[in-house]
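1. Generate a structure from the sequence data that follows.
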Amino acid sequence: MTETLCLANVPGVHTKAVRATEEILMAAPSHSPESGDDAGRGPDHGATGGTPRWVVVVGIVIAVALLGLIVFLHLSGAIGPGAH
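-> Below is the predicted model of the structure:
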């Protein structure tokens with residue numbers, strides 16, 4: 001196995017930029033659903049998950065096209081009881 005070395009514990013590795021970034025990240029308020037705190041949230045209320053809208057729209061369009069094709073083939077006699 002190899003030994004993992006944490007650069008945060010190595011003297012002289014931390015620069016001012018790294019420290020400033022850490023201070024900014026630590027100063028950011030945490031948003032936990034249990035706290036009921038809505039501070040800093042935008043109009044989406046913190047929602048980040050879910051399927052993108054374009055994926056849903058493309059899925060619906062494909063489903064309607066397939067259903068239309070099946071109905072067309074059935075009515076034209078290409079599939080169904082009259083096909084044999």
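2. only C-alpha atoms for contact and neighbour calcs from this point on.
-> Fine.
3. After the helix or strand of the chain with the lowest mean pLDDT, which helix or strand is next?
-> One helix or strand of the chain scores below all others by mean pLDDT, DSSP states H and E: helix 16-27, with a mean of 68. For helix 16-27, the following helix or strand on the C-terminal side (DSSP states H and E) is helix 53-76.
4. Can I get that following helix in CSV? Just the C-alpha atoms.
-> What follows is helix 53-76, C-alpha atoms only, in CSV (Å, rounded to 0.1, in the frame of the first residue of the first chain):
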residue,chain,number,x,y,z
ARG,A,53,-37.0,19.5,-18.7
TRP,A,54,-35.7,18.8,-22.2
VAL,A,55,-35.3,15.0,-21.4
VAL,A,56,-39.0,14.9,-20.3
VAL,A,57,-40.1,16.7,-23.4
VAL,A,58,-38.1,14.5,-25.7
GLY,A,59,-39.5,11.4,-23.9
ILE,A,60,-43.1,12.6,-24.3
VAL,A,61,-42.5,13.4,-28.0
ILE,A,62,-41.0,9.9,-28.6
ALA,A,63,-43.9,8.2,-26.8
VAL,A,64,-46.5,10.1,-28.8
ALA,A,65,-44.7,9.3,-32.1
LEU,A,66,-44.5,5.6,-31.2
LEU,A,67,-48.2,5.5,-30.3
GLY,A,68,-49.1,7.3,-33.5
LEU,A,69,-47.0,4.8,-35.5
ILE,A,70,-48.6,1.8,-33.9
VAL,A,71,-52.1,3.3,-34.5
PHE,A,72,-51.2,4.1,-38.1
LEU,A,73,-49.8,0.6,-38.8
HIS,A,74,-52.8,-1.0,-37.1
LEU,A,75,-55.3,1.0,-39.1
SER,A,76,-53.5,0.5,-42.4
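5. what does it rub up against?
-> Contact with helix 53-76 is made by 79, 80, as judged by C-alpha atoms under 8 Å, 6 or more residues apart in numbering.
6. residue ranges with poor pLDDT in this protein?
-> 1, 5, 7-21, 25-48, 82-84 (pLDDT under 70).
7. can you rerun that using 80?
-> Low-confidence segments of the chain (pLDDT under 80): 1-49, 79-84.
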